[in-house]
Structures are given as structure tokens and as C-alpha cells.
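A.B. asks: sequence-free structure coming up:
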């Protein structure tokens, strides 16, 4: 190994081609090592899989615990890998000493084996085998780490592959003959074999010339190792054997995600130590892909995966995706921490804090396998988010001290890094974004309502397989499938609880707020605009409402904002990445909500306007025009798969009797069937102040003269082209839908132009920022907007006379509290079936269409739960059933009303 | 310390690239059918609620429709003149700067700048009706001719006429004492006086202190609307008005009509009528060639507006009698009758009060839905037209100030009808240092009435109808308070230091 000091770089600029080449090299080396790691993981998985079939549960459980402890020994050793990857010199110099320490530890563990065995929940034999692994663990870690640090990725890959190969070759026969002890011995032997591959041909380095130990890196990775393994230890120590075994299996499957990305930070570290741009991006991308891939792979068929381990573990299947997600997030956090800790030792506190948090959660809540998995997921998610935020802060300029060989594809571009550092957030901005996001989270997490019909339908669809779900959308839905697919994945990771199914909307709705900040800041080149737009978005009643609804409208809002933001970027900068982001955002918008097409069309007209203007003033337009055409074609191509679905949905919709959406504040408009100006005003008000009772809407609608004041107030304020675009994207779809609503009433609904909400937040932020700071006008305007938003939000969330609030949860909870075996529940109208399925899964529920049959069969009491009674047909049908029940001499036992839901109880 | 009037102007009287005429015509094509739709609905027989209120509402709406149509008509005919080549030689020009007790530091830059006017043989005359020795010394110091008459008959008009009698240059330029002329003023304007029977060339009034004083800024925004699209439109219709300063005349035109009329407080307006009657023409050059000071407090603004309202309304009979081309007459009528708009504001503000106190309302047989369906598009297009025509210069504060001045129009029109004599009051050039609630007493009283009626209405009932009227009250109160705000707050010290990047027009005493 050669090492030489490179001169301090002087800001060498890099040609784009050179940059691409370097990126490919970075990605290539990551892929090589990660590929080997993945294969190694697969090999280890196959090894575990075979063993779980070969061994009885009572034998496999201790082996699984041994493997966990083995990991426990080697995972902290990963910290040594990390430190030696960062500074390879010190590893080889100290290898003999550390191995000697390990040997000492092995002897001590062997001597104490009888005492350790009960504490660890292992047989003594396995403790002895484990002790034998101790000397090799640090050595293997250091040896592999130095390979990463020296850029010897092929040798590292070979060492990785050697281990599972040896495990399988030796472990299976030994397991057959010696049981779990034999298998464990093979595991240890395989580790030494891998060490041999790693050290083959390497010369030691004199200790006196070796660099110092990067203790911060060691500490960070140790803490990460604790987070990775302490849940398994907790489960083994506190849960009953069967439950502990279930968690052990969960941990085994979950380790796929963390194992797959284990080498990524190690390959990253030497480059991060040199301050190389692009390395973090490649590492994060790969880790995210590996983690997500693991989650998707298992989520697609969890029962099949559980089936591999046998029937006793079948009920673990629903938890797989959740735990895999936790491990995937941990892997991501590990990369981010690794990058940061090379330049800032304080980053080691992040995983340490996470370990403490996890321990606290385990102590408080970890009494089942599912609970332990949830604690780990929460910890890993928090760590990933915080590490991400920290990673975004300006790291400051660092002097690049290189003591490494010239790695292929490396480039040092401190000048670009400076530019990059300028682009990333400064600490006050990090705090601003964090504060806004936290502010957004608070109202969004305070959910005061259960699922309503559309949400229950979404959950019902998400429970199906993907093909069945798409068929259901084709036959009975009117929306494109992106949100449905996200929900499908979500329920497989986190289940079908009320909060769980709302997670995609919650995430999209929360992300909307930092997106508003960044968009406002960039579009108007003013930090104040970003802050004010973010505040408006955080408190926007409609944005909060749909963040709490398991439907696509929150995602619609986010994508609408992103599409406009990226379009402005494209017009201003025209970089390929901007075009790509704009194209993806627009396509995703169309995959989320068909009415997003109205905004996309407005944006195409805007492009034409830009081209015409530029041509008129003599700016070359050829490249822009070509890029625009390509972008439009790409959007069309990406949406081509939707064409068939959309066509089928349209035919199905036209065949069905068009029903006015029951969520319209119907009594606000003079006539439910006609679209009126007041209905338009109501919808416009909803976008700003959210949903309220009909009486409130009537009163608020009467305040329309204030809109004249607002229009007058805009006189002379100046109107930029950016604001024109934002306003057009907000208002044109509304007007178009109003026009369409005159033809088909149910098309004019505020949800269908929900994309206008964040755009209006941008414009309001812009308006508020245009006032002189600390002026009276600014104070009055900001106070007025704040009061309106907070009052609107509070009333919307807490006022149970809100016509959008259907308390199916409350009504069904009361039914469940009173129902006894033999009772029958009739729901009206029949399309409440998803509600019944969700809230009354174990009860005898019948649709009103089968009420006659139900009344004939029922032995106990009859509950009639009805909603949408503002529809004459529903009211008539329900009344008829009630009359029939009373005709059969049943006595009304009780009757209760929840918002928009009525229940009758007959005995 | 640099005088703000020496800074480069930050407003241009020229339209944006491409002009606004075609945009206004486009909007007019939209606005006319919408106006027909609205008025067609409003004038249906079944709409009459309380007859008197209905009549007042119709009168106000029709008045504003006429003013709106006039604005569209004017803006759609804009003409943008450029400078013309100068006549051969250096023509003699008498420059008149009438003063009446203004501060010397206000007058001095104007006088100095006048002596530096280029492209002509300039003779500057300081016409001092204040008979001040300081002014005499100033004129001597600067090299201007000092003119003092024995009396103050005819105020400014008489002062100028006296000066006409003691001077003889073929061209006469007039600047108010606070309007500092650009050295190129004569070079830009003299060329047009050679064309046909152009009697005078008018250039815009620009308020340099709009940068630092909110009152001046709001007043300037109003001026910018007039000297922008309206003046260009009037010029396009060959009916530009003489505005009293920043203008240059042909002496023979002035002599033909006997000089400035001395029986009006808006002598310039009357002069224009007289000139047009004699077949003379006018020209408007949309180029800021002089920088002045706008009213810096409410009292100054009220004084100025009252004089203009009184003068223009008093000229109405004259306009109707004069032998003028129809478009000139129409333009002058529009300008005069603008000062009746205060009555429409009074009517609009009284309607919600009457509704809440008595239940009477002007319109019956209509739902709010129907009203909005017909009114909202008409209102929206009207607002857009003002915004487009004004190219963004007409601000909310200008509008609010105009609305809050309604009582001035009402008062002036009553005095005009009663033929009460009025006297010429010079608009103060420097603002007061304290609050001036008395100058805003009338609008504040209206605010109190509006708020009281709203409270009463809400106490009686909290129905949608009451809320609707309360919203109208809120609209009126907001506008009135915004318009009177400068009178209610203590003025902040003006930032007199000029920004470094500005081009300074160095004016030094000779």
C-alpha cells in the first residue's frame, strides 16, 4: 500500500464530462461492494432459511439469538471498519494489538461462559463458540475497513463473499450433525476465513507513522450498532420464548435492509474525509434504493416470505415491511452520519441520542414483538430525519488533507464545493425549516375524526392485490392510481390503523410546508416570502384537513406546487435537471389527480408565452423550445399507461348515475342541483378558511364585499410574471371547473382544485412580504391573515357541525359497545359497505338492499345505521326499512345521532 | 443636503412598451357588454326597492358608468409625442415663476434651474406677490428679473398677466415656484409650438417628495394617472388641458384671449377653454421635464383639492356654453364632473347605514347570487382597466385618498351651486409637523356613523343580510381610514439624503 500526501487542492474546476466520469466511478465502486454485500446477505439468508427448516424451533431460537449476538459482536466492530476506512493507516498498524485484546476477551468470555449463558439466554456451548469469534471480529473489521480506505474494493468484495460461502459449505453439514452449536461454529470459522481473504498479501504498517484513531467515527458507528441490535437483545431478555422467536425472525428478515447497505458508508468514508463532492449523493441514492428495494420486495409477498420460515411464523408477516423500513431508514441515517462525522465530531451524538431514545421507548412500550418493532421504526425514522436536516446544513469549508492513494474517479473541487456550500442551508435556515415543519406537524397530528366513506373505500382497495385494486379503480373510481399505490404499500408496512392509512397524506401535507418555504424563497428571492408562505401553508385549514385524509388531495397539493416551482426554475435556469424535475412533477401530478391536467395545460400555455416573448426581444429560443417539446412528450409518455385506465373509468362513470358528491355543503347553495355564484363563493372560501357549518358559510359568503376591498388593495402593487404564472395555475383550473360544473354539477368541487391551495399560500406570502417590515400595514395584514387562518382551522377541526364531518367512527364505536352476539347491523345506503368492513369487521352487517333477508334471519337486536339522509332516495329507503322493522313488532330500544350519522336500535 | 427635486425622476409619463391603447380597447370590448348586462339587470322594473334610494343608486351608478366610459374613451386614444426639432436661432423665452410667501429654499432651486434652461435666450422673471425682500435678494443673487406689482388682484392669474404686460418674448414658460425645470425643457417643447395653432405645450407634474412622504406619494399616484393615460388620451383627442405649471405658451395666443382669466381659482382650466374657443390647439409631451413637491399633509391636500374642485365645477356652465368641438367639450365635461364623484361615494356609504337603521334598501326582487352574477364581472373589468391603463402606478392609497376626499367635492359643489365666492389659496409646499385630525374630520365622522350603524345592525340581528351590510361598512371604513391615515399620524422626518446611485442635477447659483 502506498500513501502519499497530495498538495492542497487549489480549486480546480472540472469539466462536465470529467464530472460524469467521476460519478460513474463512484457509483461503480459502491455498486461493486454493495453487490457483493447483497450476495453475501443472500447467502446468509439462505443459510438461515435452511437452518430454520432443519432445526426445531427450540434449536433455531438460540441459534437466531447466537446470530444476533454474533452480529452484536461484529456490528460494533463495524465502527472499527469505519474508522479504518477513514484512516486506513492506523488499522493495519494496530491490528495485532487489537487482535490480542480480542483474544483476551475471548478467554475471559470462555471462562465466564457458565455465568453468561443464562444472562444471554444461550446454551454454554454457544457462548463458548461466541467467545471464539471475539478475536477475529475486530481484526476482520479493521482489515476490511483498510481495504475500503485504500480503494481495494475488489478484495473487499471477495472477503464479503467468502463468509457466506464458507457458512453454507460448512454450516449445513455441521448443523446436521452438531445442531445449533455446529452451525454456530461454522459461522465463526467463516468469519476467520473472510479475514484471511482480506489480509492476504498485505504488509503491516509501523505504528509510529500511523495516523490517529478517528474516535468520533468509532463512537458514531458503535451507537448505530446499538440501535441496530438492542431491540433484539431486549426481546430475547424480556419476551416469552415464542414471542422472542417471532421477533428474532422479524429481526432476521429486517436485517436484509441494514445488511444490504452496510458497506455503503464504508466506501463513502474515505471520500468524505477528503471532502469530495458527489460521494454523499451516490451513497444516499444507493442506500435508499437498496432499502426501498428490500421493503418492496418483502412487502409484495410477506406471507410468502413468512411461509419460508414455516407455519409457526406466519403471523409475523404483517410486521416484515414495517421492520424492514426501520432498518432501511437506519441504513440511510448511517450514511448521513458517516459523511458528517468525518468533518464534525459532534455528529456522533446523533446516533447516541437515538440509542437512548430507543432504549426509553423499549422500556416504556416494548412488551410485544410488534411493539418492539414499532419502537425501532420510530427511533430510526427520527434519526434519519434529524441526520438529514443536519446533513443539509452548511458544513463549512474544510481544508482537504489527503493521505490516500489516487483513487480512480476522484476529484477535488473545493471551488464547486464552496458553491455547493453556498447553496445548502445555513443554520438559521435549518432552524426555520425545522420550525415550520414542526408547526405544520402539530395540527396535522391532532386528528379528531375517524375515516369517512371515501377513505374507507381507499383502504378497502388498498387491501387488495395490485391487479385487483386496479380493476376496482377501473370499474368504480374516478382517480388515477398513484396515491392508491402508495396506500397499498403503506398498509403493508404500517397496517390499516386510522393514522397508518393517512400516513401518505400526512407526509405529503407536512412536506408541503418546507416546500412552500423553499419555493417562496427561490421564486421571489426573499427569505421572508418563504417564511410567510410556509406559515400560511402550515396553518391552512384545507391543507391540514387533507393531510388527515387517506385520499390523494394532499399529494395533489404538493405536486401542484412542485410543478409550478420547477417550471419557474426551468424558465430561469433551463438546466437539464430542472427540466427533469419539472417533467416528473407534472407527470406525478397527472398520476395523482386527473384535474391536474388543467394546471399542466396552463403551464404549457405559459411556456408558449415565454417563447413568444423571448423571440420578440431577441433572446434565442431554440434550445428552450426543444427542451419544452421533449418535456411535453415525456410527460405524455409517462402518462400513457393511464390512458386505458382513464378511458375505462370515464365509461364506467358515464354509465353510473352521476351522483352529486355527498360532501358538498349542499345547503349552502340555494339549489343542490344548480351551480350558483354562492356555491362558487363557498368553494373559494373553503380553499382559504376550510370547511365550516352551513350557517357559518352563509354568513361568511355574505361578506363578499371584502373581496372588493382585496381587489382594490391590489391596485398598484406590481405584478411579476412569476406571480402571474402562480395565479393562473391557481385560478384557471377553478374557472374551468366552474364552467364544467355548469354542465355537470359534481365536477365543481373544491377537492378537485385543491392544487390552488399552496399556490394561494405562495401569493399570500408574497403579498404580506411586500409590505414594509414593521409597518402598521404589515402588522394589520399579517394579524388579519393569522387570525383568519387560526380561527378557520380551529373551527374546522373542532366544530362537529362541519358538514364534512361524518362520525362513522363514533357511531360504530357505540354500536360495538352495545352489540351482542346474534345482533344484526343494517347499514344504509348500501355503499357504506367499506365503512362497515373497516369499523365492524367482526359483526353481522348487511346492506339495506338485503334488509329483508336480514330481518328474516336475525335472532338478536337490529341496529340500523344510516347516513347521507339528505338524499331523498336514501331517506326514503331507510324510512321504509324502519317502518318494516316496526311493523314486525320490534320495539325501539335506543336511538342516537352522531354528526351526519343516525343509529336506531330495535329489540 | 440634496434637494429631492434634483434627483432623476422614478416615474415616466410614457406608456409601457407597446402602449396601452390596444389593451384598453380589448378591455372595453369586454367591459361594454358586461356593463349592459349589469345595467340591464339593475334597471328592470321589478328591481325598484325604496324608490328614493333606488333613484340615488341609479344616479350614482350611471354617473360612474359615464366616468368609466369616459376613462376608457380617453385611454383608448392615447398619443405619445416625441420631441420636435427646434426652430432656427435662439428664440427668446420669458420664464415666469410666480411666488406668494413660499420659503426661499423652496424657490431657489427653481429659479437657478430656470436660469440654466438651454436652447433659447431665456429671461427669468420672479413674480413676487408677497413683496418680500428675501425674494428680491434671491432674484438678484441668481440673476433673475424681480417683478413686484402694487396689488394682488387676480391672485396667480393676475400676477402672470401683470408680468405679460412688462415682458415681450414670443414664448412664455410658467413654472410654479416648487417645480424645478430640467435644462432641456425648452429644447423639448419649443418645437411643438411651431406646429399649426398650438397655443401651449403641457408637460407632466411630478412630485419628487413622493419618495419620502406618504401623502405626497398617494397624491402623486393620482397625478400619475392623470398625467399618464388620461393626459395622453386627451392629447390624442386634441383636448389637453392647461395645468398651471410646467408649460410654455405662445404669447400671441395668450394675448388673443386676454391673458389668464382672473375670475376663477382654476385659471389654467378656464384659460384652456378660452383658447380652444378661439381655435387654438394644445399639445402634451409625456416627458417629466420639471420636478416639484406634492402636498405633504392632509391640510395642504385638502386645500389643493378644494381649489381644483371649486374651480372646475364652477367652469361647468362655461363649458356648456362655449363653442367647442364635441370631443373637446366632452373631455372638459368629464374633467369637471369628476369633482362630483364625491356625491356617489356619499350615496354608496349611506346605503348600508340606511339599510341597517331602517331596513330600507334600494334594490328589491333580487338574490345576492343574482346581484353578484351581474355586478362582479363589471366591477372586476373596471378595476382591471384602471390597473392596466395606469400601468401599475395608480395605488390603493391613491384610490383611498380620492374616496376620503369625497366631502371636498360635496362641499365644493354646494358652494359652486350657491355661487359662494372662493379665493385662491396657495398650496403649502412644506408639510406640517403634527397630526391634522381637523383636516379629516368629515371622513372620520362618516367612519363613526358607519361603525355605529354596524354595531346597531349586529345587535338587532346576525343574519346573512346584516353581515353583508357590515361587510360593506368594513369596506368603506377601511378605505376611509386608509385615505385619512396621513392626517392621523405624526409625520416622520423625510429622508432628505439622496441615494448614492441617483443622478444629481447639479444646480448652483451663478
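C.D. replies: Perfect, I can see it now. Treat the numbers as computed from the prediction; the structure is a model and nothing was measured. Residues are numbered from 1 along each chain as shown, chains lettered A, B, ... in the order given.
A.B. asks: could you tell me which residues of the stretch 701-850 of chain A lie near chain B?
C.D. replies: With C-beta under 8 Å from any C-beta of the partner chain as the criterion, the stretch 701-850 of chain A meets chain B at residues A:701-706, A:708-709, A:711-719. Every residue, glycine included, has its C-beta placed from N, CA and C.
A.B. asks: which ones are touching the residue of chain A found nearest chain B?
C.D. replies: Closest approach between chain A and chain B, counting by C-beta to the nearest C-beta: residue A:716, at 3.1 Å. If a contact means C-beta atoms under 8 Å, 6 or more residues apart in numbering or on different chains, then residue A:716 has B:221, B:387, B:390, B:392, B:393, B:394, B:395, B:396, B:397, B:398 as its contacts.
A.B. asks: in which helix or strand does residue B:442 reside?
C.D. replies: Using DSSP states H and E, the element containing residue B:442 is helix B:441-460.
A.B. asks: identify the residues contacting that helix?
C.D. replies: In contact with helix B:441-460 (C-beta under 8 Å, 6+ apart) are residues B:349, B:352-353, B:355-357, B:404, B:406-407, B:437, B:466, B:469-470, B:473-474, B:476-477, B:480-481, B:483-484.
A.B. asks: swap in 7 Å and give it another go.
C.D. replies: Helix B:441-460 is contacted by residues B:349, B:352-353, B:356-357, B:404, B:407, B:437, B:466, B:469-470, B:473, B:476-477, B:480-481, B:483-484 when judged by C-beta atoms under 7 Å, 6 or more residues apart in numbering or on different chains.
A.B. asks: out of those, which end up buried?
C.D. replies: Buried residues within these, defined by neighbour count using 16 or more other C-beta atoms under 10 Å in any protein chain shown: B:349, B:352-353, B:356, B:404, B:407, B:466, B:469-470, B:473, B:476-477, B:480-481, B:483-484.
A.B. asks: tell me which of the residues you listed fall in helices.
C.D. replies: In helices, defined here by DSSP state H, the members of these are B:349, B:352-353, B:356, B:404, B:407, B:466, B:469-470, B:473, B:476-477, B:480-481, B:483-484.
A.B. asks: among those residues, which two are most distant?
C.D. replies: Farthest apart among those by C-beta to C-beta are B:407 and B:466. That separation is 27.0 Å.
A.B. asks: which bits of chain A sit near chain B?
C.D. replies: Residues of chain A lying close to chain B by C-beta under 7 Å from any C-beta of the partner chain are A:670, A:676-678, A:698-699, A:702-706, A:708-709, A:711-713, A:715-716, A:718.
A.B. asks: can I have the buried ones of those as a ChimeraX selection?
C.D. replies: Of these, the buried ones can be selected in ChimeraX as follows, counting by 16+ other C-beta under 10 Å:
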select /A:676,677,678,698,699,702,703,704,705,708,709,711,712,713,715,716
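A.B. asks: which ones among the residues of chain A next to chain B map onto helices?
C.D. replies: Among the residues of chain A next to chain B, the members falling in helices (DSSP H) are A:677, A:678, A:698, A:699, A:705, A:706, A:708, A:709, A:711, A:712, A:713.
A.B. asks: may I see the buried residues of the longest helix anywhere in chain A?
C.D. replies: The single longest helix within chain A, with elements called by DSSP H, is helix A:16-54. Buried positions in helix A:16-54, judged by neighbour count with 16+ other C-beta under 10 Å: A:19, A:22-23, A:25-27, A:29-34, A:36-38, A:40-41, A:43-45, A:47-48, A:51-52.
A.B. asks: equivalent analysis for stretch B:234-253, please.
C.D. replies: B:234-251, B:253.
A.B. asks: poorly predicted segments of the chain, please.
C.D. replies: Went with chain A since none was named. A:1-20, A:23, A:203-212, A:277, A:303, A:307-312, A:392-427, A:657-674 (pLDDT under 70).
A.B. asks: that's the wrong chain, I wanted chain B
C.D. replies: Ranges of chain B meeting pLDDT under 70: B:1, B:421-433, B:491-510.
A.B. asks: mind doing that once more with 80?
C.D. replies: Across chain B, the ranges flagged by pLDDT under 80 are B:1-2, B:17-19, B:87-88, B:263-266, B:420-435, B:489-510.
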